[in-house]
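# no sequence on this one, just coordinates:
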């Protein structure tokens, strides 16, 4: 536990999972797509969007396990996990609510605690996740996940057009070997 910031999480490497292979941490159930998406990015419904909003979202598993979302008011949240995400790497993240009784002893707001926890989780992923699975430099994979996460297909098409036009290096983006052909065959 962090004595200066006791509201931070105790994270461990064994909590890290990777898309699309992540399993329910309780029962091992597989991920399922909800609304056509394996990973559903957070959407700020009230208040201004925060810079960290794109780093967290939700995974749904084919189970009803009580995970880290409150099911008291919404039983349909069973099997849903709130996660921080960096590339393909994800880690569960618990948030506090406005009514959390521990907030008074932290002398901070729920929003500040949650932002600190998310920042902590993303930094933890950057330091401990498998570098090959972070996908930060794999442009094509990021485009595919962005579209799956709700980004505009037009934006994805533009990135792919830039790859095809040579404005983005195809070998690097697609992680091709130096002897792989990237042009159209000539007759």
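Nice, I can see it. It should be emphasised that the depicted structure is a prediction, and the values quoted were computed from it without experimental measurement.

# Tell me where the model's unsure across this protein.
Within the chain, the segments meeting pLDDT under 70 span 1-4, 36, 43-54, 69-76, 135-153, 155-156, 159, 168-187.

# how does it divide up, domain by domain?
Domains of the chain are assigned by automatic domain parsing as 13-134, 137-187.

# Can you pull the phi and psi angles for residue 30?
Torsion angles at residue 30 (phi, psi; degrees, to the nearest 10) stand at phi -80, psi 160.

# Give me the distance between it and residue 22.
According to C-beta to C-beta, to the nearest Å, residue 30 stands 9 Å off from residue 22. Yep, even glycine has a C-beta here, placed from its N, CA and C like the rest.

# Comparing these two, which shows the higher neighbour count?
Set side by side, residue 30 and residue 22 show more neighbours around residue 22, with 22 against 13, by other C-beta atoms under 10 Å.

# Tell me if I'm right that the more buried one and residue 58 touch.
No. Using C-beta atoms under 8 Å, residue 22 is not in contact with residue 58; the gap is 11.7 Å.

# For the longest helix that the chain contains, name the packing helices and strands.
In the chain, assigned by DSSP state H, the helix with the most residues is helix 110-128. With contacts taken as 3 or more C-beta pairs under 8 Å, 6 or more residues apart in numbering; DSSP states H and E, helix 110-128 sits against strand 80-86, strand 89-92, helix 103-106.

# Mind listing what's buried along it?
Neighbour counts over helix 110-128 (16 or more other C-beta atoms under 10 Å) mark 110, 113, 114, 115, 116, 117, 118, 120, 121, 122, 124, 125 as buried.

# What is the nearest of those residues to residue 95?
Lowest distance from residue 95 to these (C-beta to C-beta) belongs to residue 114, with 4.6 Å.

# Okay, that closest one and residue 19: tell me how far apart.
Distance from residue 114 to residue 19, by C-beta to C-beta: 22 Å.

# ditto for residue 130
Relative to residue 19, and taking C-beta to C-beta, residue 130 is found at 12 Å.

# more neighbours, those two?
Counted by other C-beta under 10 Å, residue 130 and residue 19 do not tie: residue 19 has more neighbours, with 20 against 12.
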